[in-house]
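1. predicted model and sequence follow; I will ask about them next.
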Amino acid sequence: MSQALVTELMDRFEQVTSVSMGQDAVVIVPRDILLDVAGFLKEKNMDAPVACTVIDWLGKANARFEVVYQLRSTTQGYRLRMKTPLDSEDLVCPSLTEFWSGFNWQEREAYDMYGVVFEGHPDLRRILMYEEFSGHPLRKDYPKDKRQPLIRRKAVTNV
Amino acid sequence: MGVEFSTSQLESAAIWAKKIKKSRTSNAFNWGRKHSLFTYPFVTACCGMEFMSVAGPKYDIARFGAEFPRFSPRQSDLLMIVGTITERQGPVLHRIYEQMTEPKWVVAFGVCASTGGFYQNYSVMPGADQVVPVDVYIPGCPPRPEQVLDALIMLQERIQESRGHNQMLEIRRTTVKENTHLPVVS
(Lines give C-alpha, C1' and ligand atoms only; values in the text may rest on other atoms or scores of the structure.)
Protein backbone atom coordinates (compact mmCIF):
# COMPACT_ATOMS: atom_id res chain seq x y z
CA MET A 1 0.00 0.00 0.00
CA SER A 2 1.01 3.55 -0.56
CA GLN A 3 0.10 4.50 3.01
CA ALA A 4 3.70 4.11 4.12
CA LEU A 5 4.80 6.45 1.37
CA VAL A 6 2.19 9.04 2.34
CA THR A 7 3.31 8.93 5.98
CA GLU A 8 6.93 9.30 4.94
CA LEU A 9 6.00 12.21 2.69
CA MET A 10 4.08 13.96 5.47
CA ASP A 11 6.96 13.47 7.89
CA ARG A 12 9.37 15.00 5.44
CA PHE A 13 7.17 17.92 4.34
CA GLU A 14 5.04 19.50 7.03
CA GLN A 15 2.82 21.44 4.65
CA VAL A 16 1.58 18.33 2.89
CA THR A 17 -1.81 17.12 4.04
CA SER A 18 -3.49 13.87 3.23
CA VAL A 19 -7.13 13.48 2.23
CA SER A 20 -9.08 10.28 2.42
CA MET A 21 -10.87 9.63 -0.85
CA GLY A 22 -12.01 6.05 -1.22
CA GLN A 23 -9.09 3.69 -1.58
CA ASP A 24 -6.83 6.16 -3.35
CA ALA A 25 -4.03 7.94 -1.58
CA VAL A 26 -4.50 11.67 -2.11
CA VAL A 27 -2.20 14.38 -0.85
CA ILE A 28 -2.66 18.12 -1.07
CA VAL A 29 0.61 19.83 -1.90
CA PRO A 30 1.02 23.62 -1.79
CA ARG A 31 2.45 25.17 -4.92
CA ASP A 32 5.69 26.37 -3.28
CA ILE A 33 6.94 22.89 -2.40
CA LEU A 34 5.52 21.01 -5.40
CA LEU A 35 8.90 20.65 -7.09
CA ASP A 36 10.54 19.36 -3.90
CA VAL A 37 7.76 16.85 -3.35
CA ALA A 38 7.99 15.73 -6.98
CA GLY A 39 11.74 15.18 -6.64
CA PHE A 40 11.18 13.19 -3.46
CA LEU A 41 8.52 11.00 -5.08
CA LYS A 42 10.68 10.42 -8.14
CA GLU A 43 13.39 9.04 -5.87
CA LYS A 44 10.80 6.82 -4.20
CA ASN A 45 10.18 4.95 -7.46
CA MET A 46 7.01 6.79 -8.53
CA ASP A 47 8.14 6.43 -12.13
CA ALA A 48 4.98 6.54 -14.24
CA PRO A 49 3.17 9.81 -14.99
CA VAL A 50 -0.45 8.71 -15.40
CA ALA A 51 -2.37 11.95 -15.81
CA CYS A 52 -2.30 15.65 -15.25
CA THR A 53 -5.55 17.54 -15.22
CA VAL A 54 -7.28 20.50 -13.63
CA ILE A 55 -10.51 20.82 -11.65
CA ASP A 56 -12.49 24.05 -11.86
CA TRP A 57 -14.41 24.71 -8.63
CA LEU A 58 -16.39 27.66 -9.93
CA GLY A 59 -17.84 29.73 -7.10
CA LYS A 60 -15.23 28.75 -4.54
CA ALA A 61 -14.01 31.85 -2.72
CA ASN A 62 -10.30 31.15 -3.06
CA ALA A 63 -8.38 28.35 -4.77
CA ARG A 64 -10.86 28.03 -7.64
CA PHE A 65 -8.57 25.76 -9.66
CA GLU A 66 -6.88 22.58 -8.58
CA VAL A 67 -4.10 20.94 -10.58
CA VAL A 68 -4.19 17.16 -10.19
CA TYR A 69 -1.22 14.92 -10.86
CA GLN A 70 -1.73 11.17 -10.84
CA LEU A 71 1.40 9.08 -10.37
CA ARG A 72 2.04 5.37 -10.34
CA SER A 73 4.92 3.18 -9.34
CA THR A 74 5.49 0.31 -11.75
CA THR A 75 7.83 -1.46 -9.33
CA GLN A 76 5.70 -1.10 -6.17
CA GLY A 77 2.37 -1.22 -7.98
CA TYR A 78 0.56 1.60 -6.21
CA ARG A 79 -0.77 5.00 -7.10
CA LEU A 80 -0.62 8.46 -5.59
CA ARG A 81 -2.58 11.57 -6.43
CA MET A 82 -1.26 15.06 -5.81
CA LYS A 83 -3.52 18.09 -5.75
CA THR A 84 -2.26 21.64 -5.89
CA PRO A 85 -4.81 24.40 -5.25
CA LEU A 86 -4.37 27.59 -7.26
CA ASP A 87 -6.04 30.95 -7.02
CA SER A 88 -7.71 32.26 -10.17
CA GLU A 89 -5.80 35.54 -9.84
CA ASP A 90 -2.43 33.78 -10.01
CA LEU A 91 -2.76 30.73 -12.24
CA VAL A 92 0.86 29.65 -12.28
CA CYS A 93 2.04 26.16 -11.39
CA PRO A 94 5.57 24.73 -11.60
CA SER A 95 5.97 22.24 -14.42
CA LEU A 96 6.88 18.67 -13.58
CA THR A 97 8.27 17.86 -17.03
CA GLU A 98 11.82 17.85 -15.68
CA PHE A 99 10.94 14.82 -13.51
CA TRP A 100 8.48 13.05 -15.79
CA SER A 101 8.76 14.07 -19.45
CA GLY A 102 5.44 12.30 -20.06
CA PHE A 103 3.71 15.27 -18.47
CA ASN A 104 4.76 17.47 -21.39
CA TRP A 105 1.64 17.08 -23.52
CA GLN A 106 -0.60 16.60 -20.49
CA GLU A 107 0.38 19.99 -19.14
CA ARG A 108 -0.08 21.52 -22.57
CA GLU A 109 -3.61 20.17 -22.61
CA ALA A 110 -4.27 21.53 -19.12
CA TYR A 111 -3.00 24.90 -20.28
CA ASP A 112 -5.15 24.75 -23.41
CA MET A 113 -8.35 23.79 -21.64
CA TYR A 114 -8.03 25.68 -18.33
CA GLY A 115 -5.38 28.35 -18.84
CA VAL A 116 -3.03 27.21 -16.11
CA VAL A 117 0.48 28.45 -16.92
CA PHE A 118 3.11 25.83 -16.18
CA GLU A 119 6.34 27.55 -15.25
CA GLY A 120 9.44 25.89 -16.68
CA HIS A 121 7.57 23.95 -19.37
CA PRO A 122 9.80 23.61 -22.47
CA ASP A 123 7.05 24.21 -25.05
CA LEU A 124 3.85 25.61 -23.58
CA ARG A 125 1.49 25.98 -26.56
CA ARG A 126 -2.10 25.00 -27.23
CA ILE A 127 -2.32 21.33 -28.18
CA LEU A 128 -5.95 20.62 -29.12
CA MET A 129 -7.46 23.96 -30.04
CA TYR A 130 -6.15 26.25 -32.76
CA GLU A 131 -3.98 29.27 -32.06
CA GLU A 132 -6.76 31.68 -33.05
CA PHE A 133 -8.99 30.33 -30.28
CA SER A 134 -9.43 32.74 -27.39
CA GLY A 135 -10.35 31.60 -23.91
CA HIS A 136 -10.20 28.20 -22.31
CA PRO A 137 -13.16 26.00 -23.20
CA LEU A 138 -13.28 23.58 -20.26
CA ARG A 139 -13.62 26.33 -17.69
CA LYS A 140 -17.03 26.25 -16.09
CA ASP A 141 -17.76 29.84 -17.08
CA TYR A 142 -17.05 29.31 -20.79
CA PRO A 143 -20.42 29.82 -22.56
CA LYS A 144 -21.93 26.56 -23.77
CA ASP A 145 -23.07 27.96 -27.11
CA LYS A 146 -19.98 29.96 -27.92
CA ARG A 147 -18.36 29.02 -31.23
CA GLN A 148 -15.15 30.42 -32.66
CA PRO A 149 -15.23 29.40 -36.32
CA LEU A 150 -12.13 29.62 -38.45
CA ILE A 151 -14.08 29.62 -41.70
CA ARG A 152 -17.68 29.91 -42.86
CA ARG A 153 -19.21 29.39 -46.30
CA LYS A 154 -20.68 32.86 -46.84
CA ALA A 155 -17.31 34.41 -46.24
CA VAL A 156 -15.52 32.25 -48.78
CA THR A 157 -17.93 31.93 -51.72
CA ASN A 158 -19.77 34.92 -53.04
CA VAL A 159 -22.75 33.19 -54.64
CA MET B 1 -11.90 -7.61 -82.24
CA GLY B 2 -15.40 -6.30 -81.68
CA VAL B 3 -17.23 -5.20 -78.59
CA GLU B 4 -20.14 -7.37 -77.64
CA PHE B 5 -23.24 -5.79 -76.14
CA SER B 6 -25.98 -7.69 -74.42
CA THR B 7 -29.53 -7.08 -75.58
CA SER B 8 -30.44 -5.00 -72.54
CA GLN B 9 -27.39 -2.80 -72.94
CA LEU B 10 -28.24 -2.22 -76.60
CA GLU B 11 -31.81 -1.39 -75.67
CA SER B 12 -30.84 1.11 -73.02
CA ALA B 13 -28.29 2.63 -75.36
CA ALA B 14 -30.98 3.04 -77.98
CA ILE B 15 -33.32 4.65 -75.47
CA TRP B 16 -30.62 7.04 -74.40
CA ALA B 17 -29.68 7.83 -77.98
CA LYS B 18 -33.30 8.83 -78.59
CA LYS B 19 -33.42 10.95 -75.45
CA ILE B 20 -30.13 12.63 -76.22
CA LYS B 21 -31.28 13.46 -79.74
CA LYS B 22 -34.29 15.35 -78.57
CA SER B 23 -32.64 17.07 -75.61
CA ARG B 24 -29.56 19.04 -74.87
CA THR B 25 -26.06 17.58 -74.95
CA SER B 26 -25.63 18.35 -71.27
CA ASN B 27 -28.09 15.54 -70.57
CA ALA B 28 -25.70 13.11 -72.20
CA PHE B 29 -22.79 14.49 -70.22
CA ASN B 30 -24.79 14.24 -67.00
CA TRP B 31 -25.72 10.65 -67.81
CA GLY B 32 -22.06 9.82 -68.10
CA ARG B 33 -21.18 11.73 -64.96
CA LYS B 34 -23.75 10.11 -62.73
CA HIS B 35 -22.55 6.62 -63.57
CA SER B 36 -18.85 7.31 -63.13
CA LEU B 37 -18.48 9.11 -59.83
CA PHE B 38 -14.98 9.14 -58.43
CA THR B 39 -15.31 9.32 -54.66
CA TYR B 40 -12.99 11.12 -52.29
CA PRO B 41 -13.74 9.71 -48.82
CA PHE B 42 -13.00 12.41 -46.24
CA VAL B 43 -13.19 10.00 -43.33
CA THR B 44 -12.78 11.52 -39.87
CA ALA B 45 -14.73 9.28 -37.51
CA CYS B 46 -16.54 6.02 -36.86
CA CYS B 47 -18.87 6.38 -39.88
CA GLY B 48 -15.83 5.26 -41.86
CA MET B 49 -16.55 1.66 -40.88
CA GLU B 50 -19.96 1.96 -42.46
CA PHE B 51 -18.43 3.53 -45.55
CA MET B 52 -16.16 0.50 -45.86
CA SER B 53 -19.21 -1.70 -45.57
CA VAL B 54 -20.88 0.13 -48.47
CA ALA B 55 -17.73 -0.04 -50.53
CA GLY B 56 -17.23 -3.72 -49.77
CA PRO B 57 -18.65 -6.62 -51.75
CA LYS B 58 -21.82 -7.15 -49.69
CA TYR B 59 -23.48 -3.82 -50.47
CA ASP B 60 -21.12 -2.96 -53.31
CA ILE B 61 -21.39 0.70 -54.25
CA ALA B 62 -19.68 -0.26 -57.53
CA ARG B 63 -23.06 -1.39 -58.86
CA PHE B 64 -23.96 2.30 -59.11
CA GLY B 65 -20.77 3.34 -60.80
CA ALA B 66 -19.17 4.94 -57.75
CA GLU B 67 -16.65 2.26 -57.11
CA PHE B 68 -13.40 4.11 -57.30
CA PRO B 69 -12.20 5.82 -54.10
CA ARG B 70 -9.48 8.24 -55.18
CA PHE B 71 -7.33 9.42 -52.31
CA SER B 72 -6.47 12.60 -54.13
CA PRO B 73 -9.12 15.33 -54.37
CA ARG B 74 -7.71 16.40 -57.73
CA GLN B 75 -8.83 13.13 -59.28
CA SER B 76 -12.30 12.95 -57.77
CA ASP B 77 -15.66 14.62 -58.23
CA LEU B 78 -17.70 13.29 -55.28
CA LEU B 79 -16.68 14.42 -51.81
CA MET B 80 -18.02 12.06 -49.14
CA ILE B 81 -17.73 13.77 -45.75
CA VAL B 82 -17.76 10.79 -43.43
CA GLY B 83 -17.74 11.73 -39.77
CA THR B 84 -17.50 14.64 -37.36
CA ILE B 85 -16.06 17.90 -38.67
CA THR B 86 -14.43 20.10 -36.06
CA GLU B 87 -13.92 23.84 -36.36
CA ARG B 88 -10.22 23.20 -36.67
CA GLN B 89 -10.77 21.02 -39.73
CA GLY B 90 -12.91 23.61 -41.51
CA PRO B 91 -10.13 25.25 -43.55
CA VAL B 92 -8.75 21.83 -44.51
CA LEU B 93 -12.13 20.63 -45.73
CA HIS B 94 -12.69 23.80 -47.71
CA ARG B 95 -9.29 23.51 -49.33
CA ILE B 96 -9.95 19.92 -50.33
CA TYR B 97 -13.26 20.97 -51.87
CA GLU B 98 -11.54 23.74 -53.81
CA GLN B 99 -9.00 21.28 -55.21
CA MET B 100 -11.58 18.93 -56.68
CA THR B 101 -12.32 18.87 -60.38
CA GLU B 102 -15.52 20.49 -61.58
CA PRO B 103 -18.33 19.60 -61.71
CA LYS B 104 -18.26 18.24 -58.18
CA TRP B 105 -20.74 17.01 -55.62
CA VAL B 106 -20.76 16.65 -51.85
CA VAL B 107 -22.51 14.07 -49.69
CA ALA B 108 -22.69 14.52 -45.90
CA PHE B 109 -22.44 10.99 -44.56
CA GLY B 110 -24.00 10.53 -41.11
CA VAL B 111 -25.62 12.90 -38.67
CA CYS B 112 -22.36 14.51 -37.50
CA ALA B 113 -21.39 15.66 -40.97
CA SER B 114 -24.99 16.80 -41.58
CA THR B 115 -25.74 18.75 -38.40
CA GLY B 116 -23.00 18.19 -35.87
CA GLY B 117 -24.94 15.30 -34.37
CA PHE B 118 -25.04 14.95 -30.62
CA TYR B 119 -22.03 17.21 -30.21
CA GLN B 120 -23.04 20.64 -29.04
CA ASN B 121 -19.84 22.21 -27.87
CA TYR B 122 -17.01 24.60 -28.58
CA SER B 123 -15.08 22.38 -30.98
CA VAL B 124 -17.53 20.68 -33.34
CA MET B 125 -18.86 22.43 -36.42
CA PRO B 126 -22.66 22.29 -36.63
CA GLY B 127 -22.72 20.53 -40.00
CA ALA B 128 -20.22 20.42 -42.83
CA ASP B 129 -22.49 22.68 -44.90
CA GLN B 130 -21.12 25.59 -42.89
CA VAL B 131 -18.04 25.32 -45.11
CA VAL B 132 -18.89 23.45 -48.32
CA PRO B 133 -22.23 23.22 -50.19
CA VAL B 134 -23.75 19.81 -49.48
CA ASP B 135 -25.99 18.15 -52.07
CA VAL B 136 -27.32 15.13 -50.21
CA TYR B 137 -27.52 14.56 -46.45
CA ILE B 138 -27.61 11.05 -45.01
CA PRO B 139 -29.01 10.85 -41.47
CA GLY B 140 -28.13 8.05 -39.08
CA CYS B 141 -25.49 7.34 -36.47
CA PRO B 142 -24.07 5.63 -38.43
CA PRO B 143 -26.39 5.29 -41.47
CA ARG B 144 -27.30 1.87 -42.80
CA PRO B 145 -25.63 0.94 -46.10
CA GLU B 146 -29.06 0.96 -47.73
CA GLN B 147 -29.44 4.62 -46.76
CA VAL B 148 -26.13 5.40 -48.40
CA LEU B 149 -27.15 3.65 -51.60
CA ASP B 150 -30.47 5.51 -51.52
CA ALA B 151 -28.59 8.78 -51.13
CA LEU B 152 -26.37 7.87 -54.05
CA ILE B 153 -29.41 7.24 -56.23
CA MET B 154 -30.85 10.60 -55.12
CA LEU B 155 -27.58 12.24 -56.04
CA GLN B 156 -27.63 10.58 -59.44
CA GLU B 157 -31.09 12.02 -60.07
CA ARG B 158 -29.81 15.43 -59.10
CA ILE B 159 -26.82 15.12 -61.39
CA GLN B 160 -29.04 14.11 -64.30
CA GLU B 161 -31.23 17.16 -63.74
CA SER B 162 -28.17 19.46 -63.37
CA ARG B 163 -29.31 20.29 -59.84
CA GLY B 164 -26.02 19.80 -58.04
CA HIS B 165 -24.82 22.94 -56.24
CA ASN B 166 -21.69 23.17 -58.33
CA GLN B 167 -23.58 22.47 -61.56
CA MET B 168 -26.10 25.23 -60.86
CA LEU B 169 -23.25 27.57 -60.08
CA GLU B 170 -21.67 26.71 -63.41
CA ILE B 171 -24.93 27.29 -65.28
CA ARG B 172 -25.35 30.66 -63.57
CA ARG B 173 -21.78 31.58 -64.44
CA THR B 174 -22.13 30.70 -68.13
CA THR B 175 -25.50 32.43 -68.54
CA VAL B 176 -24.15 35.59 -66.98
CA LYS B 177 -21.17 35.39 -69.30
CA GLU B 178 -23.40 34.91 -72.34
CA ASN B 179 -25.59 37.83 -71.37
CA THR B 180 -22.64 40.18 -71.08
CA HIS B 181 -21.66 39.30 -74.65
CA LEU B 182 -25.13 40.01 -76.01
CA PRO B 183 -25.49 43.21 -77.94
CA VAL B 184 -27.45 45.81 -76.11
CA VAL B 185 -30.86 46.29 -77.72
CA SER B 186 -32.40 49.64 -77.14
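-> That came through fine.

2. ranges for the helices of chain B?
-> B:7-21, B:25-34, B:47-55, B:90-99, B:111-115, B:145-160, B:165-181 (DSSP state H).

3. please name whichever of those is nearest to chain A.
-> Smallest distance to chain A across the helices of chain B (Cβ to the nearest Cβ): 4.3 Å, for helix B:90-99. C-betas here are computed from N, CA, C, even on glycine.

4. which residues touch B:Glu170?
-> Taking Cβ atoms under 8 Å, 6 or more residues apart in numbering or on different chains, we find B:Glu170 in contact with B:102-103.

5. then A:Met82?
-> A:Met82 makes contact with A:26-29, A:34, A:37-38, A:41, A:68-71, according to Cβ under 8 Å, 6+ apart.

6. which strand residues bridge it?
-> For A:Met82, the beta-bridge partners are A:Val27, A:Tyr69 (DSSP bridges).

7. one step back: next, format the helices of chain B as CSV and append mean pLDDT.
-> Output for the helices of chain B, formatted as CSV (pLDDT from 0 to 100):
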stretch, mean pLDDT
helix B:7-21, 62
helix B:25-34, 85
helix B:47-55, 91
helix B:90-99, 92
helix B:111-115, 93
helix B:145-160, 92
helix B:165-181, 69
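
8. most packed of these?
-> helix B:111-115 (a mean of 23; mean count of other Cβ atoms under 10 Å in any protein chain shown).

9. quick one: distance of that helix to the chain centre.
-> 16 Å (Cα atoms, centre = their mean, to the nearest Å).

10. got the contact list for that helix?
-> Outside helix B:111-115, the residues that reach it (Cβ under 8 Å, 6+ apart) are B:45, B:47, B:81-85, B:108, B:117-119, B:124, B:126-129, B:134, B:137-141.

11. if you set the cut-off to 10 Å instead, what comes out?
-> Contact partners of helix B:111-115, identified using Cβ atoms under 10 Å, 6 or more residues apart in numbering or on different chains, comprise B:42, B:44-47, B:80-86, B:93, B:106-108, B:117-119, B:124-129, B:134, B:136-143.

12. tell me the contacts of residue 131?
-> Reading this off chain A. Applying Cβ under 10 Å, 6+ apart to A:Glu131 gives the contacts A:Arg125.

13. that's the other chain; I wanted chain B
-> Contact analysis of B:Val131 by Cβ under 10 Å, 6+ apart lists A:149-153, A:155-157, B:81, B:85, B:87, B:89-95, B:97, B:106, B:125.

14. so what's residue 88 scoring on pLDDT?
-> This is for chain A. According to the prediction, A:Ser88 has pLDDT 87.

15. not quite, I wanted chain B
-> Here the pLDDT value assigned to B:Arg88 is 92.

16. count the residues that sit near the nearest residue to it once chain neighbours are set aside.
-> Excluding its sequence neighbours, the residue lying closest to B:Arg88 (Cβ to Cβ, 6 or more residues apart in numbering or on different chains) is A:Tyr130, at 5.0 Å. A:Tyr130 has 15 neighbouring residues, counting by other Cβ atoms under 10 Å in any protein chain shown.

17. quick revisit: what subset of the contacts of helix B:111-115 is also close to chain A?
-> Counting by Cβ under 10 Å from any Cβ of the partner chain, B:86, B:93, B:124-126, B:128-129, B:134 from the contacts of helix B:111-115 sit close to chain A.

18. could you check how far B:Val82 is from chain A?
-> The gap separating B:Val82 from chain A is 19 Å, by Cβ to the nearest Cβ, to the nearest Å.

19. quick check: bridge partners of A:Met21?
-> With DSSP bridges as the rule, A:Met21 is bridged to A:Asp24.

20. what separates it from A:Leu71, distance-wise?
-> A:Met21 sits 15 Å away from A:Leu71, taking Cβ to Cβ, to the nearest Å as the criterion.

21. which one of the two has more residues nearby?
-> Per other Cβ under 10 Å, whichever of A:Met21 and A:Leu71 has more neighbours is A:Leu71, with 26 against 10.

22. buried sites along the helix or strand where the more buried one lies?
-> Per DSSP states H and E: A:Leu71 is located in strand A:65-72. Under the neighbour-count criterion of 16 or more other Cβ atoms under 10 Å in any protein chain shown, strand A:65-72 has A:65-67, A:69-72 buried.

23. which SS class is A:Ala51?
-> Three-state assignment for A:Ala51 (DSSP: H, G, I helix; E, B strand; the rest coil): strand.

24. so it sits right up against A:Leu71, yeah?
-> Yes: using Cβ atoms under 10 Å, A:Ala51 makes contact with A:Leu71 at a distance of 9.1 Å.

25. what touches both of the two?
-> Counting by Cβ under 10 Å, 6+ apart, the shared contacts of A:Ala51 and A:Leu71 are A:81, A:103.

26. buried members of the contacts of helix B:111-115 into ChimeraX, please.
-> In ChimeraX, this line selects whichever of those come out buried by 16+ other Cβ under 10 Å:
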select /B:42,44,45,47,80,81,82,83,84,85,86,93,106,107,108,117,119,124,125,126,127,128,129,134,136,137,138,142,143
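
27. A:Arg152 - nearest residue in space that isn't next to it in sequence?
-> Spatially, and ignoring its direct neighbours in sequence, A:Arg152 is nearest to B:Gln130 (5.7 Å; Cβ to Cβ, 6+ apart).
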